[in-house]
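Asks: Sequence first, then the predicted structure, then my questions.
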Amino acid sequence: MANLERYDRAGIAPYHGAPQPKLADGQDFLRVLGAIRRRWRLFVGIFGGFVLLVGVATILAPKSYTTTVRLMAGRPGNDFSSNQQDTAFPVLNALVLQSGEQSAETLAQLAQQRDIAAKVVQQLNLPASPEGLLHQISVKPIVNTALLNLSASWKTPQMSATIANTFGQAFVEQERDFVRSEATAALGFLQQELPDAQARMRDTAAKLAKFQSVNGFIDASAHTQDVVSRVGNLDQRIDQLTVDQGEAQALLNNVSGQLGSMPATIDASRQVTVNPVLEDLRTKLAAVETQLAAAEQEYTPAHPAVIALRQQRAALQAQIAAQPTELNSGTTTAPNPVYQSLQQQASTYKARIEGDAAQLKQLRAQRAAAKPELSALPSQEMQFEVVQQDAKRAADVYNALSQKYSDALIARTTAISDISIVQPATPDAAVKSPSLTINLAIAIVIGLALALATVYVLDTMERRVRTDTDFPMMFGLPLIARIPAIDTSNQRMLPWVQSMTIEAFLHLCITLRLKSKQPLRTLAVMSPSRGDGKTTVALNLAKAMANLQPRVLLIDADLRRPSLHERTSTPNQLGLSDVVGQNCSLQSAARTIEPNLDLLTSGTHVENPVSLLQSAEFANLIDEARRTYSVVIVDAPPLHTFSDGLLICTRVDGTLLVVAANTTDEKEARNAAVQLSVLGIDNVLGIVLNKDTARIDDYSDYFSEGFRPTLTGGLS
């Protein structure tokens, strides 16, 4: 590549490469509009089909009605602040505290319990399981309030309202049962202990009265009083701890029973999402149907491409039919707050029992140590004190149990639920779903986005050069000619199109002459990729030049896939490779194919065209042709795969880059521009747009019956 150098022989303005500018927002918008305009049938089909599908699905889908009952968490009129005096029952205290700031969120989870659903199903005789009913129930707290909305969905608005109200009432009653259960457990224990305590109190009181009547009143000394009082205090504390331990054990048994019948966790949320595999398969099916439609227009039904696309479409349709519409993306499990509260209470009772046992052990040891002192007291005085303390202790125990029994009875009788219904559900307020209006509005938005995305993606994947507005963005080069596409099927328009094509090549010749400050003697014609029509442009440009110049030489330098000898029916025994290899002269290898036009074919096949084109002999051939002919046109290989064309560009005065409308790949065109820019090849004159759609109607008056341009030998 050391032989690459910059040329400015034709006095052409320097070409400083083809930067790839970032598309502006306006260009992006125009590109999207162009994609929609080219694929408007696909755009309308996707949009209309999606909206129609959603509308039909909404109409045919089973209707459900949703009604809502509004609940309030907490006890109206009560302030459960931290400084409020607690009740005597720990579980009741825990439930009371739940009516604070976070109670709405907690109770929203508690409401969706299977036992509540089972009670409602049984009460209303519903044709559904408790789990199925829970799927139709939704409980949502209202943010920053103590309110909850409990919604129920059913086939009729009347039944929906009935289920919502019944479910709400069942929830209220369950919360009331929770509050009442602690007081009920305490009453059960106290009812068993009160008769025994009363009997002991009466027995000890009778013994004290008998002792006093027999022995009279005895005034104990200070020491005796101190000893007896200390021992009595020990006995009193032992008795109190024994009672407290028994009560704690009874409460622990009650809490353990509740824990055994209550789930440790609850379902916090269940999420259902659209099956992403189904959406992907539908997108692929739409793409395959588009390709199949295009193939059926171009090929017969028996063509392998049509058969393969039909088989692919059938396979995608089978996969779509086998896919579920929705997927359960997951169920979130949250701890049961009541279960956790009961666990905390059980731990408290266990600690309470263990603490009482430790204190009893210590107090009994102290009581045993005080026994010798009591033995030393006078027998009568000691007996009186013992009887008196037994009577007092029995009375204290009975009074304490009576007070606790009264408290528990009041608590059970006046138990108030932490939930209250503030607004029942009514059938008139039922919301029907699915809503045709809402679904159509959503379908319009999604359908537009889906159709736009599909068209844009297809356009981006194809990325074909289409119009002259694409070139300034890709190359930074001017468009100097537009060669019409000749449609041989339309015989009526064929003469006009041929006339326009001839005029286009003549216009290209004049443009090249006027664009250069100095005479343009050597010119290379190349393209970014195969199939762009650069050989056709080179041949017809040479014919047009031959009508304006005395002698024109056309060289087939595409040594890998030469075709000019076939198009012109010229022998290819001697040609470019033979002249460069010094096997013959230029005069003997060149063949006259038309007046003023000679052709130098590719010649004998060579294994390494690159070494031949970068040799000094090839440069000498170009110089000799420049001296012999007025214009030399070189048909160069495409830039996409080979570097042969880059070597040819460095040997000529100017270069034309041929791109084909709706054929040239945009990526390959940009890569070609980058190659020219990196290597410093600055003699590119501009772009020739081949296969452009001719506007026959705009020029039919000029080519109808008056002037009709012609070329010697005609177009090729």
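Replies: Cool, the structure landed. Numbering: from 1, shown residues only.
Asks: In three-state terms, how would residue 58 be classified?
Replies: What DSSP: H, G, I helix; E, B strand; the rest coil gives for residue 58 is helix.
Asks: which residues touch it?
Replies: Listed by Cβ atoms under 8 Å, 6 or more residues apart in numbering, the contact set of residue 58 reads 434-436, 439-440. (Each C-beta comes from the backbone N, C-alpha and C, glycine too.)
Asks: how close does it get to residue 50?
Replies: Taking Cβ to Cβ, to the nearest Å as the measure, residue 58 falls 12 Å from residue 50.
Asks: what does residue 106 give?
Replies: As defined by Cβ to Cβ, residue 106 lies at a distance of 42 Å from residue 50.
Asks: cool, residue 196 as well?
Replies: From residue 196 over to residue 50 the distance is 80 Å, taken as Cβ to Cβ.
Asks: who does the strand or helix carrying residue 391 touch, helix- and strand-wise?
Replies: Following DSSP states H and E, one finds residue 391 within helix 379-413. Judged by 3 or more Cβ pairs under 8 Å, 6 or more residues apart in numbering; DSSP states H and E, the packing partners of helix 379-413 are helix 157-215, helix 222-260.
Asks: mind checking how far the spatially most central residue of the chain is from residue 323?
Replies: By Cα atoms, centre = their mean, the chain has its centre lying nearest to residue 276, at 9.4 Å. Counting by Cβ to Cβ, the gap from residue 276 to residue 323 is 10 Å.
Asks: So which elements touch whichever helix or strand residue 656 is part of?
Replies: With elements taken from DSSP H and E, the one containing residue 656 is strand 654-660. Judged by 3+ Cβ pairs under 8 Å, 6+ apart, strand 654-660 is in contact with strand 522-526, helix 534-546, strand 684-692.
Asks: Contacts only, for the closest residue in space to residue 203 that isn't next to it in sequence.
Replies: Closest residue to residue 203 apart from its sequence neighbours, by Cβ to Cβ, 6 or more residues apart in numbering: residue 394 at 7.4 Å. Residues in contact with residue 394, defined by Cβ under 8 Å, 6+ apart, are 197, 200-201, 203-205.
Asks: Averaged pLDDT, stretch 404-417. What do you get?
Replies: Throughout stretch 404-417, pLDDT has a mean value of 71.
Asks: quick one: the helices in the stretch 601-716 of the chain?
Replies: Using DSSP state H, counting those that start in this stretch, the helices found in the stretch 601-716 of the chain span residues 609-613, 616-628, 644-649, 666-678, 696-703.
Asks: Quick check: which of the ones you listed is buried the most?
Replies: Of all these, helix 644-649 carries the top mean neighbour count, a mean of 25, counting by mean count of other Cβ atoms under 10 Å.
Asks: can you give me the mean pLDDT across that helix?
Replies: Mean pLDDT, helix 644-649: 84.
Asks: repeat for stretch 383-393
Replies: For stretch 383-393, mean pLDDT is 78.
Asks: Identify each buried residue in that stretch, please.
Replies: Using 16 or more other Cβ atoms under 10 Å as the burial criterion, the residues of stretch 383-393 that qualify are 384-393.
Asks: Specify which member of these is nearest to residue 601.
Replies: The shortest gap between residue 601 and any of these belongs to residue 393, at 131.9 Å (Cβ to Cβ).
Asks: That closest one against residue 237, yeah?
Replies: No - between residue 393 and residue 237 no contact is recorded; they are 10.2 Å apart, counting by Cβ atoms under 8 Å.
Asks: Could you say which helix or strand holds residue 420?
Replies: Counting by DSSP H and E, the element that carries residue 420 is strand 419-423.
Asks: The helix or strand containing residue 367: which residues count as buried?
Replies: Secondary structure assigned from DSSP H and E places residue 367 in helix 337-376. By neighbour count on 16+ other Cβ under 10 Å, the buried set for helix 337-376 is 337-339, 341-342, 345-346, 348-349, 352-353, 356, 359-360, 363, 367, 370, 373-374.
Asks: Repeat that for stretch 243-259.
Replies: In terms of neighbour count (16+ other Cβ under 10 Å), stretch 243-259 has its buried residues at 243-245, 247-252, 254-255, 258.
Asks: Widest-spaced pair of those residues?
Replies: So, the buried residues of stretch 243-259 by Cβ to Cβ: farthest apart are 243 and 258, at 23.1 Å.
Asks: Which is the succeeding secondary structure element to the lowest-mean-pLDDT helix or strand in the chain?
Replies: The weakest-scoring helix or strand in the chain, judged by mean pLDDT, DSSP states H and E, is helix 90-97 (a mean of 46). Sequence order places helix 103-110 as the next helix or strand after helix 90-97, per DSSP H and E.
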